[in-house]
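[1] I would like to see how this sequence folds:
(chains A and B)
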Amino acid sequence: MRCRSLSMAAVVLSLCACDQTSVRNCRLEPGSNANTWSLSYKFDQMNYCPLPLRVAGEMKDAGGVITDNGSRDFFMASLEMKNYYGTSQEWRSDIFQTVGTNVYTAHPVLRYPAGTGIGAGNYPTDPPQAQTEDRGYFRAHRTSDHTTWEQGATGTLYVLYHKSTASVSIGGEDLPVRYTSQTWTAAGANGTAPYSYKWYRNGTVVSNSSSYSTTVDTSDFGLRAEIVDAHGATAYRDIWIDVDGIRGTITGPDIAYYSSGGATWYASGRGGAYPYVFDWYVIDPDRNETRWVGRGPSWTGYPAEGSPTLHVKVTNGTPEHHDVEKPVTGIGNGECSPVPPALICDG
Amino acid sequence: MQLRRTAKLALPVFLLLGAAGCDRQPYSAPDARGVGDVRPYVTGEAALSLTSDGQFGGAALTANAEPDAIDSKRAIALAEAYIRTFGKYFQETWQEQRGEALTLAKLRASRVAFASTPYEPLPKNVHPGLRKAFGSYYLVWFTEDGDPSLLLAVAANNGDVKIDSDGQLLLPKLSGGEFRGQGIPRSQSAGAARRFMPLTPEQAVITLGQASGAKIREVPELVLLEISNAPVTAAWRLVLDRRIPIEGAPLSETQELLVTTDPTSRHTVAAADQPAGMNYPLLVVDGEGTEGRETTVYVALRPGARIRYEKATPRMGGGL
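    As a prediction, the model looks like this:
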């Protein structure tokens, strides 16, 4: 919670609205209209929060209690949030009311999709990305028959953000062979159809459809698929295209028993050119050694007692290679491997 | 603020309705304060409206709803969605008012009644939030573990409030005044109880019946007070079977009293001089997206409506 006044204006900032923030007991300040006092706040998440403020469609709540500390100084309270594009605005108006006491309160609330608010950029020439803040304000409207101010009013504001559920997945080869034609496809989900798509390659827009096709050369590059759903919710996913890249995988048990003669592990590769060569190593931290144990798509043996790591180096005759590791547990002599119940192991 | 639950509320356990018309639930035992059966204190239409459980039925308590109002089932659904969506902003306030911790997820709608506004509808160009505030409300009682814990007013003109697929409220762009919650004090000494201790219609009837010796003739009707009072302060308007003597008011006797939520002024009577209307400083909007302007608007009272009341103390006696 922060409550900070700027010297140049009667403004109270609420920063870091990642989860829930509050502005408490911030006095309403006189506005330009003699009958209006204001408590302004802005949301400035970009530098503070993991959730980007400008993810359109991300629903945001705001609500709170404004208390007139005087004797009915105020009649109405407003809570406003203006649309960045100027096409609409959220505007709540509530009356200060009492419940049997001389304390009058108003309880404005609002809920609206992100991507609104007055941007720091120049409307309408700047794109929404130019926005850096979301801004709204409370106003308390003075009763016209009051001639003197008493204790003013204070506001308690809470703001809560809800992350959009929209997501996007990418299909296509991330390890293409050079000079081949490739197509990547994107699919939006968990939002509201229809989705619009945009592809970026190293930050430059290369497609406005659900797919992007090209013939890759020898350079690696980054792809981003971005979607916008029917309600303006956005999501993106990044994929790194590693031309001629190869990847290896190790499968097999996590535990090897000396009493069983160890175990068998398998290696596989994808991407780049065939055939693959798999070199197997055992990294034994207890002995502080790495030893080559074999070559081929599988290896059978007892790696070591303790917590050794299986290491496979995948190559395909090009400068490209990939190293993949699998930690395992080695159970030494004197301990038993699982056996059928009918058998007895005396160690 | 987390407050430790210290005692069960000494109010009658409200019956879970869930929707209008679901008012045939088993009647619970009289509450711990010794408030007994309502039946000895009613006659005529009021007696006929009692369910077999000895309570005023939900249909009777919402029979005064205006034709263009949302129905009571929708009011309950909106009240529940309000708690889901915005309850987190007011939980602390409600707890302070109740004098006890509230668990929002455990709140259950238990009862609903319609509270009529004394005001005529405002002009169409007045900010919609203010038009709702001057309109009628449903009052929805919520219980937690059977204890009345929260009273939530739901604007009767909330036809434009939606609930999305996540159960969250979607409010119109120009709005306000849709809801107003107040924690129900868990005891006479808790939270805001000194000036706010709402009664059930049965409690209101018994309270007045015992104080006056008269019987309540008409179904209790919730009426909203002057606009500066939150809608949760709506009072039970009770019509007796005879005029009774009263003290503390210019009138010496009356046949109609309000039973209020204020324990320090539990009974009131309508003042003799009632205005035909009042001027209020209101926001006027000329269209969506336009700046509003504040202007004085004359708000007329409905025929026969009252906004000025005087404290009165009912006495035993009187005759037909």
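[2] distance of B:Asp147 from B:Thr103?
    B:Asp147 is 11 Å from B:Thr103, where distance means Cβ to Cβ, to the nearest Å. (C-beta placed from N, C-alpha, C; glycine too.)
[3] So for the two, which sits in the more crowded spot?
    With other Cβ atoms under 10 Å in any protein chain shown as the criterion, B:Asp147 and B:Thr103 differ in neighbour count, and B:Asp147 comes out ahead with 20 against 12.
[4] so how far is stretch B:96-107 off the chain centroid?
    Remark: stretch B:96-107 is offset 19 Å from the chain centroid, using Cα atoms, centre = their mean, to the nearest Å.
[5] Name the residues of it that come out as buried.
    For stretch B:96-107, the buried set under the neighbour-count rule, 16 or more other Cβ atoms under 10 Å in any protein chain shown, comprises B:97-102, B:107.
[6] So what are the sheet partners of the lowest-mean-pLDDT helix or strand in chain B and their directions?
    Using mean pLDDT, DSSP states H and E, the weakest-scoring helix or strand in chain B turns out to be strand B:174-175, at a mean of 85. Strand B:174-175 pairs in its sheet with strand A:89-95 (parallel), by DSSP bridges.
[7] and the partner strand, what's its mean pLDDT?
    For strand A:89-95, mean pLDDT is 76.
[8] can you list contacts of the helix or strand just after it?
    Going down the chain from strand A:89-95, the next helix or strand is strand A:104-106, by DSSP states H and E. With contact meaning Cβ atoms under 8 Å, 6 or more residues apart in numbering or on different chains, strand A:104-106 is reached by A:65-68, A:72, A:74, A:76-77, A:94-98, A:140, B:228.
[9] Between those residues, which sits nearest A:Leu175?
    Among those, A:Val65 lies closest to A:Leu175 (Cβ to Cβ), at 57.1 Å.
[10] How many residues are close by the closest one?
    Neighbours around A:Val65, by other Cβ under 10 Å: 19.
[11] how far away is it from chain B?
    Counting by Cβ to the nearest Cβ, to the nearest Å, the gap from A:Val65 to chain B is 6 Å.
[12] Walk me through which strands the helix or strand harbouring that residue pairs with, and which way each runs.
    Assessed by DSSP H and E, A:Val65 sits inside strand A:59-68. Strand A:59-68 sits in its sheet next to strand A:104-106 (antiparallel), strand A:109-113 (antiparallel), strand A:153-161 (antiparallel), going by DSSP bridges.
[13] can you tell me which of those strands the model trusts least?
    strand A:153-161 (a mean of 54).
[14] from memory B:Val38 sits against B:Leu199, does it?
    No - the criterion here is Cβ atoms under 8 Å, and B:Val38 misses it with B:Leu199 at 11.7 Å.
[15] hmm, back to that, ok and the next helix or strand after the least confident helix or strand of chain B relative to strand A:89-95, angle-wise?
    Later in the chain than strand B:174-175, the nearest helix or strand by DSSP H and E is strand B:179-183. Interaxial angle, strand B:179-183 versus strand A:89-95 (axes from the mean of the first three to the mean of the last three Cα atoms, to 10 degrees): 50 degrees.
[16] Please name every helix or strand in contact with the helix or strand following strand B:179-183.
    Using DSSP H and E, the next helix or strand after strand B:179-183 towards the C-terminus is helix B:201-212. Helix B:201-212 sits against strand B:235-247, strand B:253-259, strand B:313-314, with contacts defined as 3 or more Cβ pairs under 8 Å, 6 or more residues apart in numbering or on different chains; DSSP states H and E.
[17] Skipping adjacent residues, who's closest to residue 306 in space?
    In the absence of a named chain, chain A is used. Among residues not flanking A:Gly306 along the chain, A:Asp286 sits closest, at 4.9 Å (Cβ to Cβ, 6 or more residues apart in numbering or on different chains).
[18] wrong one, I was asking about chain B
    Closest to B:Arg306 by Cβ to Cβ, 6+ apart is B:Ala270, at 4.2 Å.
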